[in-house]
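Trainee: predicted model and sequence below, questions to follow.
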Amino acid sequence: MPKAAIFVPHGRVPDRRGFAPAIVAEQLGRRYGHFSPLFISAAEAAAAPSAAGDNFEYIDVSKTYVRLFQKLTRLDPWPLHARLAAMLRRTRPDLLHVHQLEFPVAEFMQRYGRKIPVVLHAHVTTQRPRRIGADAYLAVSDFVKNRLIEKGFPEDAIHVVRNGVDSNVFSPVSQSARSFLRKKLNIPESARVLIFFGRKQEVKGYDFFLGVAERLTAALPELRVFAIGPEPDDSSREPSYCQRMSLRERLLQSRRFFDLAPLPHEQLADYLRCADAALLPSRSEPQGMAMLEAMACGCPTVSTKVGGIPESITHGVSGILLEAPSGTTTGIEQATQELAHLLRASDKAVEMGTTAAETVRKNFDWAKSAARTEEIYSELLLKNSQSGLLE
């Protein structure tokens with residue numbers, strides 16, 4: 001069976017902090033049936049891997065090296081692509097799949113010393129890409145594919161492979177099971193529940209969410225609001241930070257707002273199953289994995305018309321799409337009205353949630369995405385073999 005080296009330069013496989021490229025790499029690779037995956041990750045290699053084995057490798061970059069060469073001097077004499085090349089000379093994979101668009105393919109090839117098909121996975125479009133040498137590019141949405149084409153990438157080398165959802169974790173439950181979960185989580189059966197999950201930062205629209213939550217708690221006495229996720233250190237430098245902290249304190253005083261740290265996926269899924277709506281007002285989103293996870297649990301999802309999100313949510317059918325958050329209160333008022341109507345119209349919310357879960361089940365399946373990825377791998381190996389490029 002041919003071996004595919006799957007490299008996540010920044011993050012760790014198995015993932016422990018909700019880093020999308022690491023999640024995608026693992027979810028795809030674990031479902032391969034025709035290629036043997038070799039997971040290689042860095043940046044967090046100092047942590048002892050809980051799933052170490054023959055198909056996990058870790059590139060150990062010491063804190064001293066990072067401080068001296070990558071932060072202070074910027075010299076970096078032994079960069080990640082060089083370390084990867086040395087490792088692959090030992091493991092000899094048939095193909096390299098890198099979950100980073102700007103991976104320096106030409107420099108890697110020079111260090112590696114032999115031809116190997118290289119696939120770059122485009123999770124985002126904001127980095128400065130290096131296009132030379134990659135054999136294929138995987139885009140997580142049509143939006144990302146179109147942005148790559150605009151930047152000059154060869155259209156015939158770009159393939160859309162959508163992220164999926166782990167249906168073993170994120171799935172709807174019956175009404176009786178939902179009642180049991182609410183009791184378990186101390187959520188009153190009569191309460192209406194609004195949820196936000198993800199990074200508590202401007203790019204995810206967290207400031208917008210808090211503004212809507214404040215208005216909704218004033219209008220709906222039965223409302224309970226949950227915000228789940230990390231607040232990265234650099235969020236304190238964002239323009240809306242002080243305003244967010246003030247809003248958060250006022251909401252906490254209501255005793256109907258619950259500010260929670262990141263939760264394991266299994267626990268997060270329980271909250272999503274209990275929610276009557278999720279508000280995920282991102283300002284930028286290549287595809288939107290959080291939206292898919294909420295939808296998969298049958299939770300009506302309110303999001304924004306940005307990036308790849310409209311490829312997942314059909315407005316008014318499987319969710320609600322708002323304009324991207326702006327600096328005015330107009331958008332907050334409109335979102336408040338949409339959510340108030342949704343939270344009060346339980347039949348409509350149930351119908352929308354059911355449609356959302358079915359949409360994810362049919363169109364965002366990890367097994368289908370893994371199979372498509374393996375097809376691309378096989379096409380590249382066949383093409384290079386016919387060209388006489390492989391040893």
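Mentor: Everything's here; your move.
Trainee: what about the helices in the stretch 151-300 of the chain?
Mentor: Residue ranges of the helices in the stretch 151-300 of the chain, as given by DSSP state H, counting those that start in this stretch, are 175-184, 206-219, 241-253, 265-274, 289-296.
Trainee: return the most buried member of the ones you listed.
Mentor: Ranked by mean neighbour count, those are led by helix 289-296 with a mean of 26 (mean count of other CB atoms under 10 Å). (C-beta placed from N, C-alpha, C; glycine too.)
Trainee: neighbouring contacts of that helix?
Mentor: 20, 23, 163-165, 167, 170-172, 195, 197-198, 265, 268-269, 272, 275, 278, 280, 285, 301, 303, 309, 312-313, 318-319, 353, 356-357, 359-361, 364 (CB atoms under 8 Å, 6 or more residues apart in numbering).
Trainee: now the element after it, going C-ward?
Mentor: strand 301-304 (DSSP states H and E).
Trainee: okay, now the residue nearest to Leu272 when sequence neighbours are not counted: neighbour count?
Mentor: Counting by CB to CB, 6 or more residues apart in numbering, Leu272 lies nearest to Cys297, which is 3.9 Å off, once chain neighbours are set aside. Residues contacting Cys297 under the criterion other CB atoms under 10 Å number 27.
Trainee: from Arg361, how far out is Cys297?
Mentor: Cys297 sits at a distance of 11 Å from Arg361 (criterion: CB to CB, to the nearest Å).
Trainee: now swap in Phe208 and tell me
Mentor: Distance from Phe208 to Arg361, by CB to CB: 29 Å.
Trainee: my guess is the residue nearest to Leu272 meets Phe170, correct?
Mentor: Yes - contact criterion CB atoms under 8 Å: Cys297 and Phe170 qualify, at 5.3 Å.
Trainee: which residues are common contacts for these two?
Mentor: Each of Ala269, Leu272 lies in contact with both Cys297 and Phe170 under the rule CB under 8 Å, 6+ apart.
Trainee: give the ChimeraX command for selecting the buried subset of the contacts of helix 289-296.
Mentor: In ChimeraX, this line selects whichever of the contacts of helix 289-296 come out buried by 16 or more other CB atoms under 10 Å:
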select :20,23,163,164,165,170,171,172,195,197,198,265,268,269,272,275,278,280,285,301,303,309,312,313,318,319,353,356,357,359,360,364
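Trainee: and the contacts of helix 289-296, which of them are in strands?
Mentor: Ile195, Phe197, Ala278, Thr301, Ser303 (DSSP state E).
Trainee: ok so, going back, now the helices of the stretch 151-300 of the chain in a markdown table, with distance to His10 and mean pLDDT?
Mentor: What follows is the helices of the stretch 151-300 of the chain, written out as a markdown table (distance: least, CB to CB, whole Å; pLDDT from 0 to 100):
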| stretch | distance to His10 | mean pLDDT |
| --- | --- | --- |
| helix 175-184 | 35 | 96 |
| helix 206-219 | 23 | 96 |
| helix 241-253 | 24 | 95 |
| helix 265-274 | 21 | 97 |
| helix 289-296 | 17 | 97 |
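Trainee: what's the closest of these to Pro230?
Mentor: Closest approach to Pro230 among those is made by helix 206-219 (10.9 Å; CB to CB).
Trainee: against which helices or strands is that closest one packed?
Mentor: strand 192-197, strand 223-228, helix 241-253, strand 277-279, helix 330-344 (3 or more CB pairs under 8 Å, 6 or more residues apart in numbering; DSSP states H and E).
Trainee: redo the ones you listed as TSV? Include distance to Ala86.
Mentor: Formatted as TSV, the entries for those read as follows, by distance: least, CB to CB, whole Å:
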stretch	distance to Ala86
strand 192-197	39
strand 223-228	40
helix 241-253	42
strand 277-279	45
helix 330-344	51
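Trainee: show me what contacts Gly308?
Mentor: Per CB under 8 Å, 6+ apart, neighbours of Gly308: Val140, Ser141, Asp142, Phe143, Val144, Glu285, Pro286, Gln287, Gly288.
Trainee: per-residue pLDDT of the closest residue to the last one other than its chain neighbours, please?
Mentor: What sits nearest to Gly288 in space, not counting adjacent residues and going by CB to CB, 6+ apart, is Ile309, at 4.7 Å. As summarised for this prediction, Ile309 has a pLDDT of 97.
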